[in-house]
Structure formats: structure tokens, C-alpha cells
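Student: Predicted model and sequence below, questions to follow.
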Amino acid sequence: MSSTLRELADERRAVRTAIERMRLAPVMFELGARPHPPRDLYRSYLAQSDIFVGIYADSYGWIAPDEQISGLEDEYNLAPRSMPKLIYIRASEHRDERLSELIARIQSDDTAAYLRFRAAEDLADQVAGDLATLLAERFDQSRIRASAHATTPMTARVPEPYTATIGRDGELAEIRALLAGGDHRVISLIGPGGIGKSRLAIEAAHANADVFPDGVYFVPLEGVLEPGLLLPTVAYVLGVRDTGAGTLEDRIGQAIGDRRVLIVLDNFEQIVDEAPVLVRLYSIAPNACFLVTSRVVLRIRGERVFEVETLDLAADDARPPLTRARASAACVLFAERATASQPDFALNAENAADVIEICRRLDGLPLAIELAAARVRLLSPHDVLERLQRTLPLLSSAARDLPERHRTLRATIDWSVGLLRPEQRSMLEDLGVFGARFTLEAVEAVGASRPWGPDAIETLAALIDASLVQRVEAGGRSVFSLLATVREYALDALESRGDADALRMAHADYYLDLVQRIAPRLRGAGQIASAAELGLDLPNLRAAARHLVITGRLDDAGDFAWTMLPYWWISGYFADVSLWMQELLATGSPITDHTRAVATFFPLWANVWQRAGDEVVAALGECVRLFTASQDEDAAAMALAAQASTRMQFPDVDVTVAQEGLVEAVARLAAIGDFWAEALAEVALGQLGVLCGDMAAAMAHFERAVEIADTADDAFTRVVSGNNRARLRFLLGEQKAAEEEFLLTLTLSIRLHFLDGATYGIEGACALAATRGEAWRAGALAAVAATIRETTGVFDIEGFAVHLAPLEALRMEDPDGVAAGERAGREMGLGEAIRLVLPGPEADAQLRDAVAAW
């Protein structure tokens, strides 16, 4: 379906409704856009389509840089001449000249039906009627094709899927484009066991029978373990019998001849050394195409590698869990398979968050998700999630019609690992100490003393070829990863051979050194880049902290956690660090006073906003004492500021005591030269002024905090201080200055990936919109901010949520407008909310580079 997107949004919805009502599938850009060049997408979408529907009105559409025509005209040009076209033209008096020229050309096209319409509400019935007529005319041709398919030998039939395939529409479209293009002789679907290669190949074979009029053949190689059995198996499926008269290779070539056929070779990895046979076959059968599923790349001429990816997980944004789950292919698969196992199961608001987390823990791996969903017959999703602490033992399948290697994920991985050479298997097991992704430098450092160390690059490349390690781009650099299930398998093997602690220590040493090199740049001009760099290594920073605790290096663990304090704060990982520190204290092993102070501080600070009380104040006082005893005056002053800030959370706050603590902390931090903590303590003094109603004093402290942050060029403290100053300016009626500052802090928050800072910016924009009477915009922004706060559990200090009062005032004037905005906002992600706030084309570029990567 082709049209301009925004101009004809209502018409697109109407046509989609008409198509789906007829139990047909609309192929639309907004339903499956992938990160590929637009022209490739057009070809992919057209390749999977049988009918072209074009809707044209006023606009010719956008012309991309270095292009001569718009995407609208390009789609029409790329549509095959043999494809029937239904073209709907809306009456217009202001049509773009180039669109008029295109319409004139369409009128002379004998493959296109030129039709007029007046309004979107009339279009659905009109399209449905035209499609019904068109399909009826083509019914006889489809019966002929079905009859031809019926002559395919039973041995060659493509298996019928027992269940629906979910979340693969985009891949199927891309595969169809590759097959229909005729440029690739061997298309290899590559991926680890359980990712759905065979299912995707089966679906592709069914969906592309029309592209191969001379036959589609399915060759299962699951039980073919000896390379010499490849040709006999292919020959048997094709109906070629080995009579000894000539080689099987020649006889297969003669049998195929010039026919346009597709041969699906499923599970090729165990006989990958026979891959050159395919080159010889397609050389003597020039119109044959081979669709291969394999865990390793074949590495032959004519091969086009297609990486099969895991299913899309739920977006990590501000929308409600149920909305996010329904938009996730992984969660939809879980729900569909769970319903098959337990008919009364339904994905709903109560279980959506658990389903999202189950699918995330299983990395979107279809086999793992299916096996987990089958447990819903006995367990609730919440119970399944709890038992996924040990993934592989739980996920064993009792389905007797599955191949043996699919009975459990462990069997699936075992089957792949059994194909590796000893040094490859050793590296795979050693990689189990890493988090979800890791760099080549880290692998080389950790493997320096391992047998595979001298050949780390070549061995890692072999594991990538075997689909046990994945290579991805992150932050402009190559990183590697293991699926969670493969990582657990590897770590279990490492534990079994007694090498786990040695690898954990090597891993922790590397990341300790990394943190010590980067941490000094976490405050000041290098903060944004340093936080981004650490973010790429976050899974391993978490793993390193745990490794230090597990191996008894408790003081190193405490230093590691404290050095990273700014990063934990920016990125919102206090809860994670708190857990590690609680585990550290629970060991009961001897630790220094400094480590005890650190391990006590983090759990307190992580929960201070929820449970401030005398016991927390006392515990923070103990941290001050321990830090002082350790001669860390900087940490002692920070703990003192934290203690005073905690007192501010009391319902009956003792202003004098809180103020004295903060003033003392500011003085100490200024003397030490810790501008970062000094700015934050000044912000706390400003917030105390707001609580007391002393706006002049509050503004003075916020001004001082902004000055400190600007001098140091520190984005984080600039966001915190700036948001507070902007809110006070708004309360004082300085709307223009407040708006400028909110835009600045929101921009910095985006670059820093600081969610709390972005939330304050969105609330500020909501307050400004409400005062201007922009009901829908104000309601939408308020709903997004509320959802984020409910998700993070971080709420504002009482009386300083500046958007609430103007929003309620506007609700009295325009309740419907505010309510409509709130409904829309509850379905919005963070990126959509930011688009409502940031103006101009430069904001779009910023979103493209920063929000998309958030």
C-alpha cells in the first residue's frame, strides 16, 4: 500500500481495515519498517505483495537527498508490471504538479485501475468491493497453481507449520526480495539453535512457491551426520535414484536442468564441509536456488548470508506494560503459546510486566520462549519468572514430536558445542564470565593466560561462524555477545571444570582497570562521553562487581562501587549497587571501615526517598564516622549532605538542623574542591528554601549551583541545578526564562541519557503548555511524566511539582482536551514526548542520534 503517510493517515487506516476485514494482509511501511535504505524497503515490500494499492491526494511527497523522484513515485515505478494496481485519487484543487504528472502516466497504464474517491470514510467499502472483484477474476489461476503443487512428491513437501509464525513478517519480506531478485544462488539463514531458522525457512518456502513455478523441495538434514550422505539425501527428495549410471551430482544436475526450483536444506551445519557441493550443483543447474539453514556460515561462492535475529522485545519506554507487550513479537509469541497450553490464559495488565521480563531474560529466543510459555499450564507467568533463576533446567520439553535436541535448551546448545574444536569450546566456556556484551580488547585481556589466548581473534571468529557468539555494532564499535541461555551453559561448564573463579578474577581485574581509567572523567567536561562509554560496558560492570564479591575481594568491590558513584546516579542503577553491597555485608568477612561505609551508604541512598526516618539518618551518620576514620573527607562530606537531605524528607522537617548539615557539607566540599558534590548540596539548600517559602534564598542557591556546574562544564549537575532554577522561575512568573532553561536541561538529559532529568524537563514543558491553554499537549506530557515516575519510583519534593496546578486549572476550562491528551500520553514513548517539547529541525537530528539510542 503506497501513499504519503501523514497527509493520508486516515485513508491508510480505512484501507488497512478493509484489507484485514477480508482476511488479507496489508503490507505497509508503518507496520514493518526496518533500518534499511528506503529503496530496499520498497523492493522488499513489493516482493511480498500480490496487489498494489495507491492512494494519492495533494502531495507528491518528500524527495530524499541525491534522489530525483519522491518515494511515492519510486514505489509505483518499482511495482512489477504484472502486478495488478488499484489507484485511488482524491479530488483536489491544489495538487502538486509532479503528482499530477504521475497520475497522468498512471491513467495510460493498462495494469492500473484508475479510481476516484471523496472521503476516507467511503474508501474502506470501495476498496473492499474492488479487491473482491479482482480476486474473483484471479481465482482460476490460483486453482491451477494449487493443482501443480499437488504433484510434488510427498518426500519433497515443505512441512506445514503446526502453529502460527509470529514476528517474522519483516524477515519474510526481505527473504522474498532476495529470492525473487534472482541474484543469489545460495541464501543461508544463519543463527543459533532455537532461534527459529527452520520455521523461517519453512514459512519462506510456502510464501515463495509462486516465485519458483517448477517446484519447491524441502531436504531435512537433521539426521545426516556424515558428509557423504548429502547428495544421496538431496537425490532422494528430488526423486533421483542412485542406479550407478553416472555420479549423483551429475544426475541431480540433469534432473533439475533449467527449471526454476527452490531447494531448502535444513540443518546444514553438521556437514558444512560439504558446502562446495552446492557450488557445483548450482553451476550445472543455473536456475536452481538453495535456501539453507545453518548455525555456521558456509563460506562458499554465491552465498548470501541472512542473519536470523531474536524476536523483538518490549520497548523500554514510558508506555504501560500491556501496551508494550502487545507491540512485542516475543511477548505475543509467549501469549499465543501459553494460550495453546492453557486455553484460559490471556495477556493482561496483571501479567504483562512478568511476560515482558520473561522474554527479556530469554533474549527473545523463540524456542526458549515457547518452552517457558508451555509452563503456564502449571505456573503463572510470575512463578515462571521467579524460577528462571536457573533457566535451562526448567525449560525441558515433554513434547514427544520434537527432535531430541529440542527437548531442552541444554540439549540444543550441547548439540552445537559438540561440533567445536577443543580450543573453541574452551573459549566459549571462558566467555561465560562476561555480561551480555563485551569487546575484543576485554576478551584478549581475560584470555591472556588461556590456551586459546594467542589465537583469540581466530577462535572468536569461529564461534561467530557457529552462531554461538554474535557480533553487533554498539556506539560505533564492534562488540560481541552470547545469548543468555548460551552464557549460562558456558558458565556451568566453566564451573564444572573448576576454572570459574580464575576467570572471574581476570574479568574483574580488567574492568577494575577500565573503571579507574574512565572514572576521573565522570565529573566535568568528559562526562557525557565517559557515561556513554561505561554504558556500553554496563553488563560487564555489573558482572565485575558480582565477581569481586563472589571471589572474596570485598574491599575492591567497595572501591569499585564508590568510584562509579556519578555513573550509578546518572543512569539510575543505585538499586543494583545496593544489592551487591548487601551481599557484600552478608558475607560477614572482614572489611575495612571505608568498605563498610560504602556498603552501608548505597542501600540507604537508594531508598531514602521512600523511607526516610531517624534510623536512616543515624545510619548515614555512621557512614560519616566511618569515612572520616578512613581519612576520606570527601566521602564524609557527601554522606553528611545525604544525611541532611534525608531530614528534608521528614513530614515535620527540622529546617535548622537540615540547613546546618547542608551548609557544613557545602563548606567542606568547597574546601576539598569537589565541585560535583558541592553543586548538588547547593541544590538541596535551594529546595530547603522552597520548602520554607524563602524563594529569594532558594534562587540564590540554585544560581550558585548553576554557576558551579557551568564552570566545571558538568552536564549532570547542570541538569539538576537548571531544572530546579527553571521550576522556581516558572513559579515566579518568569516563563520565557523558564522555557529556555527547560529546553537546555532536556537537551543535556538526552545527551546524558538521564531519565530523571528528562522527566523534569517534560513536566516543565507541561506547565508551560497548560498556562498557554494547550490542553491536549499539556495532558499528553503530564501522562508521560506520570508514567515515568510510576515506573522509576522517583517522585518530586512536596509542593515543587510545578505542572500540577496549571494542569488542573486548565482541566476546569477544557476537560475534554486535557483528557484526550492524557489518553494519548499514556500510549506514548519517551521519544514521542520529547518530540512534543523540542522544536525545530535540529531537535529531530538530536532525537535521531540520541533518543533512538536511549
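Tutor: Everything's here; your move. It should be emphasised that the depicted structure is a prediction, and the values quoted were computed from it without experimental measurement.
Student: Show me the domain layout of the chain.
Tutor: 9-137, 154-307, 321-395, 410-498, 551-709, 722-851 (automatic domain parsing).
Student: Make JSON lines out of those and add mean pLDDT and mean neighbour count.
Tutor: (C-beta placed from N, C-alpha, C; glycine too.) JSON lines is the format used below for the domains of the chain (pLDDT from 0 to 100; neighbours: other CB atoms under 10 Å):
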{"stretch": "domain 9-137", "mean pLDDT": "79", "mean neighbour count": "16"}
{"stretch": "domain 154-307", "mean pLDDT": "86", "mean neighbour count": "18"}
{"stretch": "domain 321-395", "mean pLDDT": "87", "mean neighbour count": "20"}
{"stretch": "domain 410-498", "mean pLDDT": "86", "mean neighbour count": "18"}
{"stretch": "domain 551-709", "mean pLDDT": "91", "mean neighbour count": "19"}
{"stretch": "domain 722-851", "mean pLDDT": "86", "mean neighbour count": "20"}
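Student: Columns distance to residue 508 on top of these, output as a markdown table?
Tutor: As requested, the domains of the chain are exported to a markdown table (distance: least, CB to CB, whole Å):
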| stretch | distance to residue 508 |
| --- | --- |
| domain 9-137 | 35 |
| domain 154-307 | 28 |
| domain 321-395 | 22 |
| domain 410-498 | 9 |
| domain 551-709 | 7 |
| domain 722-851 | 25 |
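Student: wait, which of those is closest to residue 1?
Tutor: For the domains of the chain, the distance to residue 1 is smallest for domain 9-137, at 4.7 Å, taking CB to CB.
Student: Work out the gap between the closest one and the centre of the chain.
Tutor: Its chain's average C-alpha position is 31 Å from that of domain 9-137, according to CA atoms, centre = their mean, to the nearest Å.
Student: SS state for residue 347?
Tutor: Secondary structure, DSSP: H, G, I helix; E, B strand; the rest coil: residue 347 is coil.
Student: Look up how far residue 371 lies from it.
Tutor: Remark: distance between residue 347 and residue 371 (CB to CB, to the nearest Å) = 18 Å.
Student: ditto for residue 210
Tutor: For residue 210, the distance to residue 371 - CB to CB - is 34 Å.
Student: do the same with residue 192
Tutor: The gap separating residue 192 from residue 371 is 15 Å, by CB to CB.
Student: now swap in residue 697 and tell me
Tutor: For residue 697, the distance to residue 371 - CB to CB - is 61 Å.
Student: what's the answer for residue 602, then?
Tutor: On the measure of CB to CB, residue 602 and residue 371 end up 37 Å apart.
Student: do the same with residue 448
Tutor: Distance from residue 448 to residue 371, by CB to CB: 38 Å.
Student: and what of residue 681?
Tutor: Counting by CB to CB - residue 681 and residue 371 are separated by 52 Å.
Student: With residue 209 instead?
Tutor: Look at residue 209 and residue 371: by CB to CB, they are 31 Å apart.
Student: What values do phi and psi take at residue 383?
Tutor: Main-chain dihedrals, residue 383, degrees, to the nearest 10: phi -70, psi -40.
Student: Over to residue 261?
Tutor: Dihedral angles for residue 261 - degrees, to the nearest 10 - are phi -130, psi 150.
Student: Contacts for stretch 615-634 next, please.
Tutor: Stretch 615-634 has contacts (CB atoms under 8 Å, 6 or more residues apart in numbering) with 592-594, 596-597, 600-601, 604, 608, 635-636, 639-640, 642-643, 646-647, 668-669, 672, 674, 677.
Student: same question, stretch 640-647
Tutor: Under CB under 8 Å, 6+ apart, the answer for stretch 640-647 is 601, 604-605, 608, 612, 616-617, 620-621, 623-624, 653-654, 657-662, 664-666, 668-669, 677, 680-681, 684.
Student: Before we move on, what's the pLDDT of the closest residue to residue 544 other than its chain neighbours?
Tutor: Leaving aside its sequence neighbours, residue 544 sits nearest to residue 511 (CB to CB, 6 or more residues apart in numbering; 3.8 Å). Listed pLDDT for residue 511 reads 95.
Student: Enumerate every residue touching residue 511.
Tutor: Counting by CB under 8 Å, 6+ apart, the residues that residue 511 touches are 442, 537, 540, 541, 543, 544.
Student: In three-state terms, label the residue lying closest to the third one once chain neighbours are set aside for me.
Tutor: Read it as residue 540. Distances taken as CB to CB, 6+ apart put residue 435 closest to residue 540, at 4.3 Å, once the chain neighbours are dropped. Three-state call for residue 435 (three-state DSSP): coil.
Student: quick one: residue 435 and residue 543 touch, right?
Tutor: Yes. Using CB atoms under 8 Å, residue 435 is in contact with residue 543, at 4.3 Å.
Student: mind checking how far residue 386 is from residue 359?
Tutor: 15 Å.
Student: contacting residues for residue 83?
Tutor: Contacts of residue 83 by CB under 8 Å, 6+ apart are 46, 49, 50, 51, 52, 111.
Student: and the first one, that one's in a helix?
Tutor: Yes. Under three-state DSSP, residue 46 sits within a helix.
Student: Report the separation between it and residue 249.
Tutor: For residue 46 relative to residue 249 (CB to CB), the value is 37 Å.
Student: And the last one, by the same measure?
Tutor: For residue 111, the distance to residue 249 (CB to CB) stands at 43 Å.
Student: Likewise for residue 349?
Tutor: According to CB to CB, residue 349 stands 60 Å off from residue 249.
Student: And residue 494, by the same measure?
Tutor: According to CB to CB, residue 494 stands 44 Å off from residue 249.
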